[in-house]
Structure formats: structure tokens, C-alpha cells
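Q: from the sequence below, what's the structure:
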Amino acid sequence: AHFDCYVVRSDCYVVRSEGRTILVDTGAGSMATNPGTVTAFAEGVDGRLLLDLQEAGVNKADIDTVFFTHLHPDHVGWNVNNDRPSPVPAFPNAKYVFHQDDWEAFRPPRDSEVFGLTFWEETLAPLEVAGVTEPLSGEQAITSEITAILTPGHTPGSMSLAIDSGGQKALVMGDVFHGPAQVSEPSWVFAFDADPDTAVQSRNRMLDRAQAENAIMAMCHITGFGRIVLQAGRRYWQGL
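A: As a prediction, the model looks like this:
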């Protein structure tokens, strides 16, 4: 017997820059905050984001920006606290930043049409009520070291972070890639890519950039950090 599956995680990242603390995505959440998603994607097992932030010494109140690479349900799960009569943002001092195209793409009933489960009312609607949303319509500097860039295809408004700091460059790319194999085979399409052709274009463009800049790469479904290595003229993911 052998195990031939690729185990998918939903990783989030904390980026500190110029006094700012930026959380990239909020994962799948818990049965209390995002029950439909956690049931469907994680067999009812709560995510660890809040525990991991605590263990890393990151206070929720210190996070001033939550940046969404896109608004799929496994990336918005810890947005709010639902343990009180009226849900409130889980990160009380943060603005929640995303591309406007995704906000329009997943409003009900589109959330359930795409995934067969509801998540908007639990995870995104309370942010709008609280007045903490900050939609983007294009590329935008977050700090002088970090820029939100367009990487559409997986969703209409998928975005990534391009980081240039201390002589090094990095790309935090959400679901532009879903596994290491797509670094070598960027034309392979993931089932949930909304626009496959555009997704392939984004992958190729980001691979070209990552190679040219020798950039560190981070994705939400590939654990850890990596870089591109070339073998016989072919690109491969190499973990760091």
C-alpha cells in the first residue's frame, strides 16, 4: 500500500514592514467561525491560526492590515469572532484589504453556487457592517517595501504581495500555485481556477519574475518558503 495524495494546507503569513503588521489571509477558520467550509474542507477540524499567532508572539490587536489574496472560503475563515450575539472583526485594529472584483464575484448567492456551501454571511458580511473593508481596484503600495499586485485567474480579483526589503525580494502568491508540481507544469489547471487561461498566464508571469529576481516564494497551499531552481532548463520548486 502507498499514499499518493498531496496533502493541502491553508497557510497564512505575517509580514512586518515599516512599523506595520500585515496578516496575509485568515485560513479556513473553525466550526464556530466558518462551519460550512471547515466541515467540507477539513472534516470539522478547527484551524490553528489564532493559536499559531499567539505562539509566534503576534497580538491580534497589533495587526493593522489583513490582506486577502482572494476571497475563497478557505482564506477568510478567521475574519470575525462569532462567540457573541453580534459578530465583530477578529482583528480589531485592522483594515481588511481585497480586490473589488472578488467582493462582487462571491456575494450571495454566488458563494454557494461556486462551492456548494455558504460562507459570506459568516465571514465577510460582518466586516462590511463594521466598516473595516478596503477594496482595491488595481495595484497599490502597502508600504514602500510591499506592493499588492494583480495575479488574476484563480479568481477574478486574485492578488499577490511583492516584497523588496533588505536587498532581498519575495512574492507571496496565495493560490496562484496549488502545489510544487505547478512550478514545473504551470499549464496544469486546478479545479477551482475560475479562468484557466488567465490563471496559466499569471503563473507564467510570476515564475518569470521569481526567476529573474531570485525571489523567495510563498504560497498558501505549499507549506514553507521556496525558490525556483533550474535543472536541464526546467524550473522546479526548492524548499528553503
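
Q: dump the residue contacts of S10.
A: 25, 27-28, 41, 47, 74-75, 77, 220-221 (C-beta atoms under 8 Å, 6 or more residues apart in numbering). Using the backbone N, CA and C atoms, a C-beta is placed for each residue, glycine as well.

Q: quick one: secondary structure of A199?
A: Here A199 is recorded as helix under DSSP: H, G, I helix; E, B strand; the rest coil.

Q: ditto for P126
A: helix.

Q: per-residue pLDDT, it?
A: At P126, the predicted lDDT confidence score is 96.

Q: wouldn't it be in contact with N79 here?
A: Yes. The pair P126 / N79 is scored as a contact, 7.3 Å apart, by C-beta atoms under 8 Å.

Q: which neighbours do these two share?
A: What both P126 and N79 touch, as defined by C-beta under 8 Å, 6+ apart, is the set P89.

Q: look at these two and report which has more neighbours.
A: N79 (29 against 20; other C-beta atoms under 10 Å).

Q: show me the contacts for the nearest residue to the more buried one once chain neighbours are set aside.
A: By the measure of C-beta to C-beta, 6 or more residues apart in numbering, the closest residue to N79 outside its immediate chain neighbours is T123, 4.7 Å from it. Applying C-beta under 8 Å, 6+ apart, we find T123 in contact with 29, 33-34, 73, 76-77, 79-80.

Q: ok, so of these, who is nearest Q211?
A: V76 (30.9 Å; C-beta to C-beta).

Q: D193: which of the contacts of S10 is nearest?
A: Once C-beta to C-beta is applied, the member of these that ends up nearest D193 is H221, at 12.7 Å.

Q: residue contacts, the closest one?
A: Taking C-beta under 8 Å, 6+ apart as the test, what H221 contacts is 8-11, 175, 177-179.

Q: in helices only, show me the contacts of S10.
A: F41 (DSSP state H).

Q: reformat the contacts of S10 as TSV; add distance to F119 and pLDDT.
A: Shown next, in TSV, are these (distance: C-beta to C-beta, whole Å; pLDDT from 0 to 100):
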residue	distance to F119	pLDDT
D25	14	98
G27	12	96
A28	10	95
F41	10	87
G47	14	94
D74	9	95
H75	10	96
G77	8	96
C220	16	94
H221	18	92
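
Q: any idea how far P126 is from M173?
A: 27 Å (C-beta to C-beta, to the nearest Å).

Q: the residue lying closest to A199 once chain neighbours are set aside: what's it in contact with?
A: In this structure, A199 finds its nearest non-sequential neighbour in G153, 2.9 Å apart by C-beta to C-beta, 6+ apart. Going by C-beta under 8 Å, 6+ apart, G153 touches 176, 193-203.

Q: can you rerun that using 10 Å?
A: Applying C-beta atoms under 10 Å, 6 or more residues apart in numbering to G153 gives the contacts 175-176, 189-190, 193-203.

Q: continuing past the helix-or-strand element of the chain with minimal mean pLDDT, what's the next helix or strand?
A: Lowest on mean pLDDT, DSSP states H and E among the helices and strands of the chain sits helix 110-115, with a mean of 87. Downstream of helix 110-115, the first helix or strand assigned by DSSP states H and E is helix 120-123.

Q: what about that next one, distance to the chain center?
A: 17 Å (C-alpha atoms, centre = their mean, to the nearest Å).
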